[in-house]
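Novice: Structure for the following, please:
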Amino acid sequence: MTKILIIDDDLAVANIYRNKLALDGFQVEVASDGELGLELVRSFEPDAVLLELMVPKLSGVALVKRVRSDLEFAKLPIIVFSNTYLTNLVQDAWKAGATKCLSKSNCTPKQILELLRSVLPANENAATAKVPEALMTAPNKTDTQLLKKTTIEGFAATLSTLRGFLRGTIKADNEAARLSKLQELHRQIHTLTCNAGITGMVPIAQMADALEALLKELHEKPENINASTLRTVASSIDFLGMLFDSASLHDWPELPTPNILVVDDEAISRRAVTHALEKARLKCISLEDSTAAFELLSKSNFDLIFLDVDMPEMNGFELCKKVRTLHAHKKTPVVFVTSLNDFESRTSSTMSGGTDFIAKPFLFMELAVKALLYVLRRHLNSAGPKGQSPACQPLNTVPSAVLESAV
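Specialist: Predicted coordinates:
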């Protein structure tokens with residue numbers, strides 16, 4: 001019998017994979033942390049390993065290195081799961097000896113089964129053991145349907161927990177306490193990413209996946225924890241609540257391709273914004289001339305606009321005022337990305353019709369999260385009556401004054 005080892009501390013997700021594989025005749029064991037996983041590699045001697053990189057006690061990358069250091073397991077297929085945005089971690093996994101790397105936010109049990117069959121030796125592709133009768137009679141979709149139902153029904157409590165960890169992060173009186181709360185928040189979002197991904201709640205998985213990456217970066221580089229990044233985290237958590245309230249969007253197959261415009265006369269700055277958008281798998285048109293940008297906006301519809309402020313001929317504030325006179329762009333989100341971070345500039349951005357403000361230098365992942373939030377929100381608000389419900393209004397659970405005083 002072909003043996004598969006699953007190493008994942010999210011037991012709900014691990015059990016869904018285990019049940020799917022068991023239905024196809026595989027013998028499956030589950031380990032909830034890296035140390036136990038390493039022990040089972042040696043004692044269970046699996047034919048393949050499914051490994052979540054973000055496991056406790058022994059990280060996924062460290063585990064791959066330890067396994068590959070043993071000649072007996074030099075060719076053992078190891079399929080790893082990671083956050084879509086953690087490209088450095090994925091590269092480390094490849095270097096350590098991973099066979100395949102997958103994004104957990106958009107990978108189904110069926111895809112896992114197909115991938116396992118492709119990496120297993122030919123004589124192990126077909127499971128030959130007799131499948132237990134109880135498993136044979138179980139509906140194939142029962143596990144994912146139950147997890148989806150549980151995730152949706154329990155999200156009110158989950159949302160309260162997320163906000164509690166965020167408040168704890170903001171109010172912490174020392175860095176150790178702050179990082180502890182931030183890590184707990186990261187783990188909660190990580191679980192949500194996995195649950196939403198495996199149950200097909202695509203927009204929720206996309207938003208949680210991006211937020212998870214931002215939280216990990218803030219935990220690793222606490223000097224970047226400031227009013228701006230905390231406000232982005234708070235907005236993202238609130239928006240996840242809006243997505244859950246809009247049941248019609250739970251089953252989006254994928255995010256419609258958005259049109260995004262970036263206007264900045266500095267080539268390096270334009271490239272920085274473009275790179276940040278690419279991290280969120282978003283493409284854009286970039287222009288250096290504000291007059292040309294207005295002409296394009298007069299003829300074409302865009303879902304999101306990023307503007308610099310200090311530009312020749314027509315500055316960003318002036319351009320934004322003109323954009324708001326266009327019927328198609330009266331409510332299009334406009335985000336200013338500028339080195340002007342004073343109170344007067346922030347006030348001017350609002351008075352000109354701007355939606356948001358990011359100060360340079362910025363975190364690529366923060367801008368990626370904001371972009372995804374605005375693009376998803378725009379589609380949410382155009383999805384019909386559910387998108388216009390009171391539940392979709394800003395919740396303001398963390399007042400700006402609290403954010404400003406917390407850092």
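
Novice: What about residue 56, how many residues nearby?
Specialist: 12 (other CB atoms under 10 Å). Every C-beta, even on glycine, is put in place using the N, C-alpha and C of the backbone.

Novice: That one touches residue 34, doesn't it?
Specialist: Yes. Assessed by CB atoms under 8 Å, residue 56 is found in contact with residue 34 at 7.0 Å.

Novice: Now do the phi/psi pair for residue 338.
Specialist: phi -150, psi 160 (degrees, to the nearest 10).

Novice: check contacts around residue 286.
Specialist: By CB atoms under 8 Å, 6 or more residues apart in numbering, the residues touching residue 286 are 261, 262, 263, 264, 270, 273, 274.

Novice: Out of those, grab the one that's most surrounded.
Specialist: residue 263 leads these on contacts (other CB under 10 Å) with 29 neighbours.

Novice: Would you mind naming the residues that bridge with it?
Specialist: residue 287, residue 307 (DSSP bridges).

Novice: Distance of it relative to residue 299?
Specialist: 15 Å (CB to CB, to the nearest Å).

Novice: and if you look at residue 367?
Specialist: 26 Å.

Novice: Neighbour count for these two, which is higher?
Specialist: Counting neighbours by other CB under 10 Å for residue 367 and for residue 299 shows that residue 367 has the greater number, 23 against 8.

Novice: Now that one: closest residue in space that isn't a chain neighbour?
Specialist: Nearest in space to residue 367, with sequence neighbours left out and distances taken as CB to CB, 6 or more residues apart in numbering, is residue 276 at 3.9 Å.

Novice: so the one you found makes contact with residue 371?
Specialist: Yes. Checked against CB under 8 Å, the pair residue 276 and residue 371 is within contact range at 7.3 Å.

Novice: Neighbours of residue 192, how many?
Specialist: 26.

Novice: and the nearest residue to it once chain neighbours are set aside, how far is that from residue 151?
Specialist: Using CB to CB, 6+ apart and skipping the chain neighbours, the partner closest in space to residue 192 is residue 208 (4.6 Å). Here residue 208 is placed at a distance of 11 Å from residue 151 (CB to CB).

Novice: higher neighbour count, the two?
Specialist: For residue 208 versus residue 151, neighbours defined as other CB under 10 Å are more numerous around residue 208 (27 against 22).

Novice: Who are the packing partners of whichever helix or strand the more buried one is part of?
Specialist: Residue 208 belongs to helix 202-220 when elements are defined using DSSP states H and E. Counting contacts by 3 or more CB pairs under 8 Å, 6 or more residues apart in numbering; DSSP states H and E, helix 202-220 is packed against helix 175-198, helix 227-245, helix 364-381.

Novice: Would you reformat these as JSON lines and include distance to residue 107 and mean pLDDT?
Specialist: JSON lines is the format used below for the helices and strands packed on helix 202-220 (distance: least, CB to CB, whole Å; pLDDT from 0 to 100):
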{"stretch": "helix 175-198", "distance to residue 107": "7", "mean pLDDT": "90"}
{"stretch": "helix 227-245", "distance to residue 107": "20", "mean pLDDT": "90"}
{"stretch": "helix 364-381", "distance to residue 107": "19", "mean pLDDT": "88"}
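
Novice: got those as JSON lines, with distance to residue 39 columns?
Specialist: Below are the helices and strands packed on helix 202-220 laid out as JSON lines (distance: least, CB to CB, whole Å):
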{"stretch": "helix 175-198", "distance to residue 39": "23"}
{"stretch": "helix 227-245", "distance to residue 39": "36"}
{"stretch": "helix 364-381", "distance to residue 39": "35"}
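
Novice: Residue 7 and residue 35 touch, don't they?
Specialist: No. The criterion here is CB under 8 Å, and residue 7 misses it with residue 35 at 10.0 Å.
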